[in-house]
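Engineer: Sequence first, then the predicted structure:
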Amino acid sequence: GESVGLHLPTLSVQEGDNSIINCAYSNSASDYFIWYKQESGKGPQFIIDIRSNMDKRQGQRVTVLLNKTVKHLSLQIAATQPGDSAVYFCAEYDSSASKIIFGSGTRLSIRP
Amino acid sequence: KAGVTQTPRYLIKTRGQQVTLSCSPISGHRSVSWYQQTPGQGLQFLFEYFSETQRNKGNFPGRFSGRQFSNSRSEMNVSTLELGDSALYLCASTSLAAEGTGELFFGEGSRLTVL
């Protein structure tokens, strides 16, 4: 069946380094791929999305890469800061089915 | 603009009881969806409402139900609570501009504990 999975459940990064969070997906019909950030005690917060006809999109300190050949999605965070500590979820959205599927999440922790 | 507001934030119920959770979307948002978040199952879609109509439904038993009012506020109800219903219930709204993109604005959730 459809699934959105994450390669690593936890990621520890030195403050100031770049973080890369990876995600695999299986539904080729998905139109959008989205990254959410969830801080402790809060609901998920939209970070960035990418349409299926793109392979790269940049935001403020974040870049999402989409490789449709291997069905892989990644989120890159530049110059990781303590405020980036959170659980990051990837999600895929199939607009024809109005269906969004979330991955299991990666916890990002920052070492001082 | 105020964000998505969910009430109550925390509640404790016992098995067999029923619970109603409330969600007020961002002003102007007409689509409201509900999710269950647990450590074991992650974020799972419950249902989505648009203009008072259920537009989509996840794979949850009939004990889980919802509705949306004319002002876009939504409620979800869980009847005959089971221990496994303990979870964080998240509500999210979507703007018309973001329809069909998967961009959701989440509330902080209602944490339900079933004893």
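Structural biologist: Cool, got the structure.
Engineer: quick one: A:Ile20 and A:Leu75 touch, right?
Structural biologist: Yes: assessed by C-beta atoms under 8 Å, A:Ile20 is found in contact with A:Leu75 at 7.3 Å. Yep, even glycine has a C-beta here, placed from its N, CA and C like the rest.
Engineer: more neighbours, the two?
Structural biologist: Comparing A:Ile20 with A:Leu75 by other C-beta atoms under 10 Å in any protein chain shown, the one with more neighbours is A:Leu75, at 26 against 15.
Engineer: So what sits opposite that one in the bridge?
Structural biologist: Beta bridges link A:Leu75 to A:Ile21, A:Val64 when assigned by DSSP bridges.
Engineer: who touches it in this structure?
Structural biologist: Applying C-beta atoms under 8 Å, 6 or more residues apart in numbering or on different chains to A:Leu75 gives the contacts A:Ser19, A:Ile20, A:Ile21, A:Cys23, A:Trp35, A:Ile47, A:Ile48, A:Val62, A:Thr63, A:Val64, A:Tyr88, A:Cys90.
Engineer: Contacts only, for the second one.
Structural biologist: Going by C-beta under 8 Å, 6+ apart, A:Ile20 touches A:Ser74, A:Leu75, A:Gln76, A:Ile77.
Engineer: now the fifth one
Structural biologist: Listed by C-beta under 8 Å, 6+ apart, the contact partners of A:Trp35 are A:Ile21, A:Phe46, A:Ile47, A:Ile48, A:Asp49, A:Val62, A:Val64, A:Leu75, A:Tyr88, A:Phe89, A:Cys90, A:Ala91.
Engineer: I'd like the next helix or strand past the lowest-mean-pLDDT helix or strand in chain A.
Structural biologist: Lowest mean confidence among the helices and strands of chain A (mean pLDDT, DSSP states H and E): strand A:4-6, at a mean of 47. Scanning forward in sequence from strand A:4-6 by DSSP states H and E, the next helix or strand is strand A:10-14.
Engineer: Up against chain A, what does chain B have?
Structural biologist: B:4, B:35, B:42-45, B:48, B:55-56, B:90, B:92, B:100-109 (C-beta under 8 Å from any C-beta of the partner chain).
Engineer: List the neighbouring strands of the lengthiest strand in chain A plus their orientation.
Structural biologist: Longest strand in chain A, counting residues (DSSP state E): strand A:86-94. The strands beside strand A:86-94 in its sheet (DSSP bridges) come out as strand A:32-38 (antiparallel), strand A:99-102 (antiparallel), strand A:106-111 (antiparallel).
Engineer: what's the spacing between the residue at the greatest distance from the centre of chain B and B:Ser31?
Structural biologist: Using C-alpha atoms, centre = their mean, the residue of chain B lying farthest from its centre is B:Ala97. It sits 21.2 Å away. Going from B:Ala97 to B:Ser31 by C-beta to C-beta, to the nearest Å gives 11 Å.
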